[in-house]
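*Asks:* Have a look; sequence and predicted model below, questions after that.
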Amino acid sequence: MPLDAICLCAVRLELEERIAGQKIDKVQQPERDIIVLSLRGGGRAPCKLLISAGSGDMRVHLTEHRFENPDAPPMFCMLLRKHLTGARITEIVQPPAERILEIGLEASDALGVKSEKKLILELMGRVSNIILTDCSGLIIECLRRTDSGLEHKRAMLPGLFYRPPPEQQGKRDPLCVTPDEWRGLFDMARGSSCDRWLLDSFRALSPLICREISWRAYGEADIRTDAVNDGGEALRREFFKLTDAAVAGVFEAWMIAGPDSAPRDFSYTKIMHYERAADISRSASFSEMLDSFYTRSQQLARIRQRASATSKTVKTAHSRIARKLAAQQAEIKITEGREYLRECGDIITANLHLMEKGRRVLVAQDFYSRDFHTIEGTTREGAPQETEKRGVPKREIALDPMKTPQQNAAKYYKDYTRAKNAEKYLSEQIKLGENELAYLESVLGEIALAENERDMAEIRRELVETGYIRNNRKEKGKQAESAPMRFESSAGLQILAGRNNSQNDRLTLKTARKSDVWLHTQRTHGSHVIISCGGEAPDDGSLLEAAAIAAYYSAARAGGKVPVDYTLVKHVKKPQNGRPGMVIYTDYKTIVAAPDEALVNKLKTENTQAGQY
């Protein structure tokens, strides 16, 4: 469900207790609609506040997810850094029954003069916005600017005074309505279902909550108002139970998952009208619930959307090479019969004295047949045999009547030589084609595992270098290389994992020491994983954890247990003319590990700056 006003109230109470008094240490804008504020101080542990103004995922909550900055910070992010870095959060206010939060800030300018500012979060679907104002309400900047050319839209530009959105006409505040007013509204309800009447009569209630109130009252989520026989008393009772709890600040974070365990919805009260059609679980906090529901899934969805064009290019190239490979394999199959051509040439040569120009067919003894026996009673090997009574095997050989017998024989020998050379050439081309297919499959695996825009940028750069994407952009200077993913085992050993094929090559062939341990999933595309163990054998726990990382960052992530090969880096070599990420290795052993996401996240540490290992 969208974050309605009552659910936002629950989030506000949780955030006010957690972040009031903390200072803003860093400001990030990893995506166009997302701002991340790193907070510290106030006698509390550091944390990160995520603010999203996306049309389908507007929200605000604490997050534990790691975000990477884009190569160039957006202008809105730079302005927020200028005004908010070092500012202290003084209060968080929510206008009644509105999906708006006003974060009060106490900041200092360049001269050390303290001033008050507000960061206003309008979390209202397609018109969501993030606005920074001064103490008088003057807009300093906003995420989305709106001109005043259209009458139904508010002007939202720097230098104008902030005006809150107009109230919804015809809808009441559910937290302020009295029982008598409620009865009067219900008496006027005609011809609609109870949940629809609640949705049309009161703001701050989502369709999910309206259906739940109706189900709690009458056991049906869509019962009509004219079908109830108690004048709506049961509906009124359940309505005020919910709103009284909201006024008292009693909220619970509940997650709703479908049969496939994928998150479907969330609420501030237990939702029961799905009955057995959904799995309901309670979260420890609203931030944990929203972070689980949105952040990871939404980030991956955005990456997949941006990766669609790259993925389409790779799949097109994969299909083209696969078709070409199929044609080559069919062609090389034809060359398997080339010995027949040589035999025909030999038979024609042996019968030149019986032939003359203009013949279309030569019928001659087939001395290459297994059943052939000479008239003298000897086999092809020269061993004496009795002459068989059956007829001598014959072979019909097509001839070109325009050619002499010698020219016909030469043609068969030439076709034989061409087929022989074709087999050698086609075998080489088929091997190259199979390597290209394997490489493109590994790139598709990289795209599926990409976690952020930097990963996608490096994949596109790799495809430009390998010639699959045309480089239409003039890059300014050399692009900084990102660092591999870093982990620390339970025993304290450093574990590194490549993000893509190019990084796998750098990690294995340049960064890692020859005495380090190298791991890779068996016969499956995935990351190269290195255990930095200083020449000593790693403990069994670290080896198993590194194998779990290799299994998680591979094409076998969705499966069960995965065989992972491991050996010393010195036994890993790059084949001649091998594509990025392709290596051969010897002297290896195999361990079985499961791709455990929880373990991977637990072991993961913050990366250093791009280009540093």
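*Replies:* All right, it came through fine.

*Asks:* any low-confidence regions in the stretch 351-500 of the chain?
*Replies:* 371-391, 453, 472-481 (pLDDT under 70).

*Asks:* go on, the stretch 1-150 of the chain?
*Replies:* Within the stretch 1-150 of the chain, the segments meeting pLDDT under 70 span 1-2, 110, 148-150.

*Asks:* those strands in it, which residues are they?
*Replies:* Taking DSSP state E, counting those that start in this stretch, the strands of the stretch 1-150 of the chain run over residues 23-31, 34-41, 44-52, 59-63, 88-93, 100-108, 114-122, 129-134, 139-142.

*Asks:* Ok, the stretch 201-350 of the chain next?
*Replies:* Using DSSP E, counting those that start in this stretch, strands in the stretch 201-350 of the chain cover 254-257, 263-267, 279-282.

*Asks:* For Arg216, which of the ones you listed is the nearest?
*Replies:* Nearest to Arg216, of all those, is strand 263-267, at 12.8 Å by Cβ to Cβ. Quick note: C-beta positions are derived from backbone N, CA and C, even for glycine.

*Asks:* Identify the residue spatially nearest to Glu462, adjacent ones excluded.
*Replies:* Counting by Cβ to Cβ, 6 or more residues apart in numbering, Glu462 lies nearest to Ser502, which is 4.8 Å off, once chain neighbours are set aside.

*Asks:* who touches that neighbour in this structure?
*Replies:* 458, 461-462, 465, 580-581 (Cβ atoms under 8 Å, 6 or more residues apart in numbering).

*Asks:* In TSV: those residues, plus neighbour count, distance to Gly21 and secondary structure.
*Replies:* What follows is those, written out as TSV (neighbours: other Cβ atoms under 10 Å; distance: Cβ to Cβ, whole Å; DSSP: H, G, I helix; E, B strand; the rest coil):
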residue	neighbour count	distance to Gly21	secondary structure
Glu458	20	40	helix
Arg461	17	44	helix
Glu462	22	47	helix
Glu465	12	50	helix
Pro580	19	50	coil
Gly581	26	49	coil
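
*Asks:* Most widely separated two among those residues?
*Replies:* Within these, Arg461 and Gly581 form the most distant pair, 13.8 Å apart (Cβ to Cβ).

*Asks:* picking that back up, now, among the contacts of Ser502, which is nearest to Arg370?
*Replies:* Minimum distance to Arg370 across the contacts of Ser502 is 50.3 Å, recorded for Gly581 (Cβ to Cβ).

*Asks:* would you turn the strands of the stretch 201-350 of the chain into CSV with mean neighbour count, distance to Leu399 and mean pLDDT?
*Replies:* As requested, the strands of the stretch 201-350 of the chain are exported to CSV (neighbours: other Cβ atoms under 10 Å; distance: least, Cβ to Cβ, whole Å; pLDDT from 0 to 100):
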stretch, mean neighbour count, distance to Leu399, mean pLDDT
strand 254-257, 19, 77, 90
strand 263-267, 19, 76, 88
strand 279-282, 13, 78, 90
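
*Asks:* And these: which comes nearest Arg183?
*Replies:* strand 263-267 (26.4 Å).
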